[in-house]
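Enquirer: I'll drop the sequence and a predicted model, then ask my questions.
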Amino acid sequence: MQKEELLHLHMLLMHIKKYYETTTGEEVYTPDYDVLGVSPAHIHKNNISHKKAILALGEDLVHQLRSATPHAQQVEGIHKATHNEGVAQEH
């Protein structure tokens with residue numbers, strides 16, 4: 001992935017975080033992301049730093065969604081079931 005694409009994805013995840021916080025009124029805690037000290041505005045950082053930040057932010061967002069959504073396990077179970085049944089998925 002090229003740097004421009006990484007920066008775009010990084011910014012998109014930040015927008016998702018802010019949208020979630022705005023619509024739910026809950027703060028998304030991002031300790032794994034925060035410790036890295038890399039934001040989408042840090043264009044001088046290397047690709048590896050942005051990849052790590054993207055993965056950490058994604059994991060923090062998923063953690064928040066799983067803990068805030070009471071039916072998350074049910075949805076996850078449906079996803080696993082459809083995946084195991086060989087339903088075509090786009091990658």
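Expert: Yep, it's here.

Enquirer: just the element for the residue positioned nearest the centre of the chain, please.
Expert: Note on the chain: the residue nearest the mean C-alpha position is residue 58, at 2.2 Å, using C-alpha atoms, centre = their mean. Per DSSP states H and E, residue 58 falls inside helix 47-68.

Enquirer: picking that back up, give the contact list for the residue nearest to the centre of the chain.
Expert: Going by C-beta atoms under 8 Å, 6 or more residues apart in numbering, residue 58 touches residue 13. Quick note: C-beta positions are derived from backbone N, CA and C, even for glycine.

Enquirer: how much space is there between it and residue 30?
Expert: 10 Å (C-beta to C-beta, to the nearest Å).

Enquirer: likewise for residue 68?
Expert: The spacing between residue 68 and residue 30, counted by C-beta to C-beta, is 14 Å.

Enquirer: who has more neighbours out of these two?
Expert: residue 30 (20 against 12; other C-beta atoms under 10 Å).

Enquirer: now do the helix holding residue 58: distance to the chain's middle.
Expert: How far helix 47-68 lies from its chain's middle: 4 Å, per C-alpha atoms, centre = their mean, to the nearest Å.

Enquirer: could you do stretch 46-61 as well?
Expert: The chain centroid and the centroid of stretch 46-61 are separated by 8 Å under C-alpha atoms, centre = their mean.

Enquirer: for residue 26, grab the count of nearby residues.
Expert: 12.

Enquirer: that one - nearest residue in space that isn't next to it in sequence?
Expert: Once flanking residues are discounted, residue 26 sits nearest to residue 68: 6.5 Å by C-beta to C-beta, 6 or more residues apart in numbering.
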